[in-house]
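# I need the structure of the sequence given here:
(one chain, ligands or ions: 2)
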Amino acid sequence: MSQPAAEPPQRVEVHPGKEVVVEFDPALTFECIDECTWCCQHGVLLYEPDFLELANCASLSEATTQVRGQDFVRKEDKDRDEHVGEDGQACFFLRDDGLCSLHAEEDWKPARCSVFPLSVAVEDGDIHVSVREKAREHCEGLHVSERRVIDHLDAFLPEVLWELDDPATRREL
Ligand code: SF4
Ligand code: SF4
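Numbering: from 1, shown residues only. Ligands and ions are numbered 1, 2, ... in the order given. Next up, the predicted model:
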């Protein structure tokens, strides 16, 4: 018996006039798990608008580093056992209680932090969105709630992505 044909990727308007091509299962649900913090145990790429915004709430010389000409929030050794990676490190802004100090105290975080656990690629001028491979392995928030990702894409994909020369998320520290 032949398999049913796979559904074609769906175009979704995320912000007025700003669309993406969705390449993940529309039934996918997500809710971030407070105790997890896996995605905050790394350095974070800062797009130029994020770098400028960060200057308003942190010391860039303390909190960021440059790798191959690109700016990242640096990760650092943490003097604790929780909310750290296997190397004992985590993002500069990850507090002892597992909260992001930028998000908790400034109500803001870099675009890359909003996008996780999704992944962004650009094909023929369109932004394509899928689930990041490492997230499938490590993110505890997938498939644990009723909150469909496709209905809340504006929370994952800040408008700044459409202003960038290269919004692709393949670059890592
Ligand atoms: S900036 Fe905040 S949300 Fe982003 S990785 Fe660091 S602690 Fe996590
Ligand atoms: S890996 Fe997933 S569940 Fe864990 S903190 Fe990041 S987004 Fe939340």
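# Might you enumerate the residues of this protein proximal to ligand 2?
32-33, 36-39, 116-117, 138-141 (Cβ under 6 Å from any ligand atom). All C-beta atoms are positioned from the backbone trio N, CA, C, and that covers glycine.
# Recalculate using a threshold of 8 Å.
The chain comes close to ligand 2 at residues 30-34, 36-40, 116-117, 135, 138-142, as judged by Cβ under 8 Å from any ligand atom.
# which of those residues are buried?
30, 37-40, 116-117, 135, 139-142 (16 or more other Cβ atoms under 10 Å).
# Closest one of these to ligand 1?
Ligand 1 has its nearest neighbour among those in residue 40, at 3.1 Å by Cβ to the nearest ligand atom.
# tell me the strands in this structure, going along the chain?
10-15, 18-22, 44-45, 64-67, 70-73, 75-77, 89-91, 118-123, 126-131 (DSSP state E).
# can I get those in a markdown table with mean neighbour count and mean pLDDT?
Listed next are these as a markdown table, based on neighbours: other Cβ atoms under 10 Å; pLDDT from 0 to 100:
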| stretch | mean neighbour count | mean pLDDT |
| --- | --- | --- |
| strand 10-15 | 14 | 96 |
| strand 18-22 | 18 | 97 |
| strand 44-45 | 22 | 93 |
| strand 64-67 | 14 | 95 |
| strand 70-73 | 21 | 94 |
| strand 75-77 | 17 | 96 |
| strand 89-91 | 23 | 97 |
| strand 118-123 | 17 | 94 |
| strand 126-131 | 18 | 96 |
